[in-house]
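Peer 1: got a predicted structure plus its sequence, pasted below:
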Amino acid sequence: MNFLLKRAITYLVVFFVVLNLTFILPRLVPGNAAELLASGTRVPASAAVAIAARFGLGQPIYVQYVSFLKNIFFTWPPWLGVSYGYFPATVTSLFMGRIGWSLGLILSSFLFGFLLIYFLGAKSLLKRKSKVETGSLYASIMFNSVPLFWVSMVLLFAFAIHFKIFPLFGSTGFSSSGGLSYVSSVIWHAVLPITVLSLSIMAEGFLILRGSAQDILRSNYILAAKTRGLSDWTISTGYLLRNSLLPLVSILSFSMASLISRVVLVEVVFGYPGVGDLLVDAVLGRDYPVIEGSFFYLTILVVIGGLIGDVALMRLDPRLRINR
């Protein structure tokens, strides 16, 4: 079977598993949106019952599940319902209003992280025990081990609270009216979140790249390149890195789901108005449609990212194009 077809089937199975888990797991937690609204407020019990009936929260679980599947697979575009907490806004409108901010963080951090991996690999892989190689290794181990939210809080305290260089929260300034000032405000607010995510990607990717380059360093064509008098940069970029990228691209394509989970943590710490912030509010408020809809769209993004990575793998390694 073709490599890409095998991966597509795998992603399809993962999609259905995630779809079912996002329906089941939130409902295993005691309480629902109506009960939380009535709890600790002056909302009478009769109003909570009416809210539960309005959104079908009192129906049997199998009835809710069948309705959930019908709305996704038998309507076009898929109907993901109306948010309980942001009523009457639809889940799709809420998600689309937030996904742009999250995608900006994901794509920017992925680009800068990959450039960091490539640059550090080119400068250090041929010079073992050099200052650059040792520093890159220790930094990768540290950022790969330390919790991401802790790194975010340290940078936030240092550069936003202590030195007051970057803003404390949000995605834009209150005084940015539009044009160039708005763009600069967006970039300035995104610097710290992108830095945290880029360092996380660099830490993971550099360790993978360093491990995959071990055997290649002892290969005959690396020795031949050295005897020809080629520069270290040429050998690193033209021979070593090119042949070490396969496992790196493979891991990074599969780490899209992990990257999205990291984005959620970073958005919560920095108060960034992306999907992660929306998803946390939905979980705390038992907003089932927003939870289900957010994971539905995020899973699609993970599948698309994985397929892009698989296509890149096939381009880098022609052996994968052979039918097996």
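Peer 2: The structure has been received and is ready for your questions. Residues are numbered from 1 along each chain as shown.
Peer 1: contacts only, for residue 241.
Peer 2: The contact partners of residue 241, by Cβ atoms under 8 Å, 6 or more residues apart in numbering, come to 118, 121, 122, 125, 209, 213. Backbone N, C-alpha and C define where each C-beta goes, glycine included.
Peer 1: again, only using 10 Å
Peer 2: Listed by Cβ atoms under 10 Å, 6 or more residues apart in numbering, the contact partners of residue 241 are 117, 118, 121, 122, 125, 209, 212, 213, 216, 235, 248.
Peer 1: buried residues in whichever helix or strand residue 199 is part of, which are they?
Peer 2: Element membership for residue 199, per DSSP states H and E: helix 179-217. Residues of helix 179-217 classed as buried: 185-186, 188-190, 192-210, 212-213, 216 (neighbour count, 16 or more other Cβ atoms under 10 Å).
Peer 1: over to stretch 143-158?
Peer 2: Of the residues in stretch 143-158, those buried under the neighbour-count criterion (16+ other Cβ under 10 Å) are 143, 148, 151, 152, 155, 156.
Peer 1: start to end distance for it?
Peer 2: For stretch 143-158, the separation between the terminal residues is 17 Å (Cα to Cα, to the nearest Å).
Peer 1: where are the low-confidence patches of this structure?
Peer 2: Where the chain drops to pLDDT under 70, the residues are 1, 3, 31-52, 54-55, 173-178, 250-254, 316-324.
Peer 1: host element of the residue positioned nearest the centre of the chain?
Peer 2: The centroid of the chain falls nearest to residue 260 when counting by Cα atoms, centre = their mean (1.9 Å). Residue 260 belongs to helix 256-270 when elements are defined using DSSP H and E.
Peer 1: send the alpha carbons of that helix over as PDB?
Peer 2: Backbone C-alpha positions of helix 256-270 (Å, rounded to 0.1, in the frame of the first residue of the first chain) are rendered in PDB as follows:
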ATOM      1  CA  MET A 256       1.700  19.300  15.500                       C
ATOM      2  CA  ALA A 257      -0.800  18.000  18.100                       C
ATOM      3  CA  SER A 258       1.900  18.600  20.800                       C
ATOM      4  CA  LEU A 259       2.500  22.100  19.400                       C
ATOM      5  CA  ILE A 260      -1.200  22.900  19.600                       C
ATOM      6  CA  SER A 261      -1.300  21.800  23.300                       C
ATOM      7  CA  ARG A 262       1.800  24.000  23.900                       C
ATOM      8  CA  VAL A 263       0.000  26.900  22.300                       C
ATOM      9  CA  VAL A 264      -2.900  26.500  24.700                       C
ATOM     10  CA  LEU A 265      -0.600  26.800  27.700                       C
ATOM     11  CA  VAL A 266       1.300  29.800  26.300                       C
ATOM     12  CA  GLU A 267      -2.000  31.600  25.400                       C
ATOM     13  CA  VAL A 268      -3.300  31.200  28.900                       C
ATOM     14  CA  VAL A 269      -0.200  32.500  30.500                       C
ATOM     15  CA  PHE A 270       0.100  35.500  28.200                       C
END
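Peer 1: give the buried residues for the helix or strand following that helix.
Peer 2: In the C-terminal direction, the helix or strand that comes right after helix 256-270 (DSSP H and E) is helix 275-284. Taking 16+ other Cβ under 10 Å as the neighbour-count basis, helix 275-284 is seen to contain the buried residues 275, 276, 277, 278, 279, 282, 283.
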